[in-house]
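K.L.:
coords below, sequence missing:
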């Protein structure tokens, strides 16, 4: 990291040659909040497994991802082993616990609790960053001034939505998230303050890749918990056991596709690129968003299928069940396209299978849609494994560089 003085805040930065760029225990402790958040979210969506309920749940999922991702960017510069940074993380954990507790009633009587906690995390963390960089990394400090102004704008919509009825709340919160998600692509442009530049966002790709990988692991862990909890609540029957096996298989295949094929390549690519901020923005901020959303939706679908193993599905529910694997594959396709420069055709084949299965699923037991999703993921995993096995005496890394 570039430093500019001997101020106290300089000692809050990660060292340039710091060996332990891997995720530290304070960051892992912070991530525990999102285990609870995802459990609350999956319960909320599974209980309202309707198009409108999925829309509300999707909005909450985007909010959770955004608050976690922005925190990961900040701790990429600031050393969580320093007392002030730990205090910031513990403060974020407190508000994160409030936000998570409000999720089941976020569109009812606890809307203000959810929105207030979310705004406190996003705006409070950005204001803290302005102070932390006051005497060092001036370009990064200016960026966080712009970031804070954008969050202040969206905060008005979050609070206004919390004070409105459910339908208006959904609209206002959606607009708030559109503003927040558009801000990085617009480089946080503020009249009079200019815009950020990707060269200013000099980060450790290794650290960011590990942070995202661990969040993906948290999501997969939550899916295992959801599957196990739902299975334990059901009476044993052939449909229930078959659904349980299929749901576990989906989780295992998603782990295999993400971690065995390409995750390490993403870390190396961002370390080697001349514009780490630009690559990190598209790979770890936007690219991982559908990966996480796909895992969460698969968990919710598994929970629903285990609770209703013999229920005939309609088009909307079939789209949700098949949409989880589709989102997951789309996110992986995006990440691998950005890091290898090639399109993984195995992922395209999996997406084609999922689209082809959609019109066939309505009118059938929902488990058949779940089976189609599992088979699509299996095709992708086997295709990539066979591609790598054809390269003699080469590591997986070589296979990744070839795009498959």
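P.N.:
Looks like it arrived, so ask away. Model, not experiment: these values are computed from the prediction.
K.L.:
Flag the shaky bits of the stretch 301-404 of the chain, pLDDT-wise.
P.N.:
Low-confidence segments of the stretch 301-404 of the chain (pLDDT under 70): 388-404.
K.L.:
Please, where are all the strands along it?
P.N.:
Assigned strands in the stretch 301-404 of the chain: none (criterion: DSSP state E, counting those that start in this stretch).
K.L.:
Going by neighbour count, which residues of stretch 96-108 are buried?
P.N.:
In terms of neighbour count (16 or more other Cβ atoms under 10 Å), stretch 96-108 has its buried residues at 96, 98, 99, 100, 101, 102, 103, 104, 106, 107. All C-beta atoms are positioned from the backbone trio N, CA, C, and that covers glycine.
K.L.:
from the residues you listed, which is closest to residue 154?
P.N.:
Set against residue 154, the nearest of the buried residues of stretch 96-108 by Cβ to Cβ is residue 99 (15.1 Å).
K.L.:
show me what contacts that closest one?
P.N.:
By Cβ atoms under 8 Å, 6 or more residues apart in numbering, the contact set of residue 99 is 37, 67, 113, 114, 117, 118, 121.
K.L.:
Most neighbours among those residues, please name it.
P.N.:
For the contacts of residue 99, counting by other Cβ atoms under 10 Å, the largest number of neighbours falls to residue 118: 29 neighbours.
K.L.:
Tell me which helix or strand that residue sits in.
P.N.:
If you go by DSSP states H and E, residue 118 is part of helix 111-132.
K.L.:
rewinding a little: let's have the buried residues of stretch 96-108 in a markdown table, adding secondary structure and distance to residue 342.
P.N.:
Below are those laid out as a markdown table (DSSP: H, G, I helix; E, B strand; the rest coil; distance: Cβ to Cβ, whole Å):
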| residue | secondary structure | distance to residue 342 |
| --- | --- | --- |
| 96 | helix | 38 |
| 98 | helix | 44 |
| 99 | helix | 39 |
| 100 | helix | 39 |
| 101 | helix | 44 |
| 102 | helix | 43 |
| 103 | helix | 39 |
| 104 | helix | 43 |
| 106 | coil | 41 |
| 107 | coil | 42 |
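K.L.:
show me where the stretch 151-300 of the chain has helices.
P.N.:
Under the criterion DSSP state H, counting those that start in this stretch, the stretch 151-300 of the chain contains helices at 166-185, 205-232, 238-255, 263-272, 276-280, 288-307.
K.L.:
meant to ask about the stretch 301-404 of the chain
P.N.:
For the stretch 301-404 of the chain, applying DSSP H, counting those that start in this stretch gives helices covering 315-340, 345-357, 366-389, 396-401.
K.L.:
how about the nearest residue to residue 148, chain neighbours excluded?
P.N.:
residue 126 (4.2 Å; Cβ to Cβ, 6 or more residues apart in numbering).
K.L.:
Quick one: residues contacting residue 358.
P.N.:
Shown in contact with residue 358 (Cβ under 8 Å, 6+ apart): 315, 318, 319, 322.
K.L.:
Compute the number of surrounding residues for the second one.
P.N.:
When counting by other Cβ under 10 Å, one arrives at 25 neighbours for residue 318.
K.L.:
what's near enough to touch it?
P.N.:
Applying Cβ under 8 Å, 6+ apart, the residues contacting residue 318 are 358, 361, 362, 366, 369.
K.L.:
Can you give me the distance of residue 56 to residue 117?
P.N.:
17 Å (Cβ to Cβ, to the nearest Å).
K.L.:
ok, and the closest non-adjacent residue to residue 224?
P.N.:
The nearest residue in space to residue 224 (Cβ to Cβ, 6+ apart) is residue 251, at 5.8 Å.
K.L.:
what's the spacing between the one you found and residue 245?
P.N.:
Using Cβ to Cβ, residue 251 is found at 11 Å from residue 245.
K.L.:
Could you chop this protein up by domain?
P.N.:
8-200, 206-401 (automatic domain parsing).
K.L.:
quick check, distance from the first one to the centre of its chain.
P.N.:
Here the centre of domain 8-200 is set off from its chain's centre by 12 Å, with Cα atoms, centre = their mean, to the nearest Å.
K.L.:
cool, the longest one as well?
P.N.:
Using Cα atoms, centre = their mean, the distance from the centre of domain 206-401 to the centre of the chain it belongs to is 13 Å.
K.L.:
Where does pLDDT dip in the chain?
P.N.:
For the chain, applying pLDDT under 70 flags the ranges 1-11, 15-23, 198-205, 261-278, 388-404.
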